[in-house]
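Undergrad: Return atomic coordinates for the entry below.
(chains A and B)
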Protein chains: 2
Amino acid sequence: MAPLISGRIRHSVVFRLKHGEGSASEADFLRAAGALGSIPGVEAFELMREVSPKNDYRYALTMEFADRPAYDAYNAHADHVAFVQARWLPEVEAFLELDSEAL
Amino acid sequence: MAPLISGRIRHSVVFRLKHGEGSASEADFLRAAGALGSIPGVEAFELMREVSPKNDYRYALTMEFADRPAYDAYNAHADHVAFVQARWLPEVEAFLELDSEAL
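TA: Have a look, this model is predicted:
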């Protein structure tokens, strides 16, 4: 993993779905979440499995932005807003957002 | 950030210290935490600032391991065990561990 350069932001979200593991609904959600990586400004996009026994999340999304304006543009992008309203809010049971910057 | 290859593990910890921000104790802790990156098997080590207003953590550690045995060896390494006992447990107020693997 390339270290974060000053000014860049690594945005991560760990989450757990309402859907059963291995269900078609879960697969469909993950496919839709994967499309977030195509929104302009999103770099180093990864959708991963969360495997630590020390938390109750099951998936992790990570992406990087070149700077705060790129991050803000992503948050405001119609595709992101639509995903949050149509998929994230109704289908995600619990989540935590993290934003890291270089020290 | 290079995507995780199957079998690799990205281990992250977000945390908040008991020390005041900008204090000498905080700087000393962060210096000690940075030394974890020198333990054998640790790759892509990063110690970062956590900046999201959506959680109460203030720092993030991320590292990668080639596989589970490398991760286990790190956990059992004397330098890691000593750090946890002498610094982490007494000086960290709250934390969350995350382990990500490729889907």
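Undergrad: Might you report the residue contacts of the residue most central in space within chain A?
TA: Residue closest to the average C-alpha location in chain A (CA atoms, centre = their mean): A:L61, at 3.5 Å. A:L61 is in contact with A:S12, A:V13, A:V14, A:F15, A:A33, A:L36, A:F45, A:E46, A:L47, A:M48, counting by CB atoms under 8 Å, 6 or more residues apart in numbering or on different chains. Where you see a C-beta, it was placed from the backbone N, CA and C, and this is true even at glycine.
Undergrad: ok, 7 Å please
TA: A:S12, A:V13, A:A33, A:L47 (CB atoms under 7 Å, 6 or more residues apart in numbering or on different chains).
Undergrad: Might one say that the first one is in contact with A:E64?
TA: No. Checked against CB atoms under 7 Å, the pair A:S12 and A:E64 is beyond contact range at 9.8 Å.
Undergrad: Pull up the residues of chain A that are close to chain B.
TA: A:1-4, A:10, A:14, A:44, A:46-52, A:54-55, A:60, A:62, A:64, A:96-103 (CB under 7 Å from any CB of the partner chain).
Undergrad: among these, which ones are buried?
TA: A:1, A:4, A:10, A:14, A:44, A:46-48, A:50, A:52, A:55, A:60, A:62, A:64, A:96, A:98-101 (16 or more other CB atoms under 10 Å in any protein chain shown).
Undergrad: on that earlier part again, in strands only, show me the residues of chain A next to chain B.
TA: In strands, defined here by DSSP state E, the members of those are A:10, A:14, A:44, A:46-50, A:60, A:62, A:64, A:96-102.
Undergrad: Quick one: low-confidence residue ranges for chain A.
TA: Filtered on pLDDT under 70, chain A yields the residue ranges A:1.
Undergrad: tell me which residues in the helix ranked longest in it are buried?
TA: In chain A, assigned by DSSP state H, the helix with the most residues is helix A:24-34. For helix A:24-34, a neighbour-count test (16+ other CB under 10 Å) marks A:E26, A:F29, A:A33 as buried.
Undergrad: same thing with stretch A:69-86?
TA: Buried, per 16+ other CB under 10 Å, within stretch A:69-86: A:A70, A:Y71, A:A73, A:Y74, A:H77, A:H80, A:F83.
Undergrad: How about the contacts made by the closest residue to A:V14 other than its chain neighbours?
TA: Nearest residue to A:V14, sequence neighbours excluded (CB to CB, 6 or more residues apart in numbering or on different chains): A:Y57, at 3.9 Å. Contacts for A:Y57 (CB under 7 Å, 6+ apart) come out as A:V14, A:F15, A:R16, A:E50.
Undergrad: just checking, A:N55 touches B:D99?
TA: No. Using CB under 7 Å, A:N55 is not in contact with B:D99; the gap is 8.8 Å.
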